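1. Generate coordinates for the sequence data below:
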Amino acid sequence: MTRTGGLQSDYRKKQELPDARKHQIISFIKSGIRILGYLCIPFNLILATSILIVSEVVGIYEELV
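-> Numbers count the residues shown, from 1 in each chain. Next up is the predicted model:
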């Protein structure tokens, strides 16, 4: 029962829990890509920027897993 006294609907879609192991693996991959990107900054700014953008795309995917 809810505070208002009504019954709560059981027809709601249950939220799926994220896969913690996949999230962790993708997070480590993203961190490695970022480290690589930061290491490239003194040598090639365009390459470093591209690598860091890729790491952000991987970060978005990480949140979807």
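2. List the contacts of the helix or strand hosting Ile60.
-> Using DSSP states H and E, Ile60 falls within helix 45-64. Residues from elsewhere that reach helix 45-64, judged by CB atoms under 8 Å, 6 or more residues apart in numbering: 23, 26-27, 29-30, 33-34, 36-38, 40-41. Using the backbone N, CA and C atoms, a C-beta is placed for each residue, glycine as well.
3. Please pick the buried ones from those residues.
-> Neighbour counting with 16 or more other CB atoms under 10 Å marks 26, 30, 33-34, 37, 40 as buried within the contacts of helix 45-64.
4. okay if I get the residues you listed as TSV plus distance to Ser55?
-> Shown next, in TSV, are the buried ones among the contacts of helix 45-64 (distance: CB to CB, whole Å):
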residue	distance to Ser55
Ile26	11
Lys30	5
Ile33	4
Arg34	5
Gly37	6
Cys40	12
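5. which ones among these are found in helices?
-> Judged by DSSP state H, helices contain the following of these: 26, 30, 33-34, 37, 40.
6. Does the residue nearest to Val65 when sequence neighbours are not counted belong to a helix, a strand or coil?
-> Counting by CB to CB, 6 or more residues apart in numbering, Val65 lies nearest to Lys22, which is 4.7 Å off, once chain neighbours are set aside. Using DSSP: H, G, I helix; E, B strand; the rest coil, the secondary structure recorded for Lys22 is helix.
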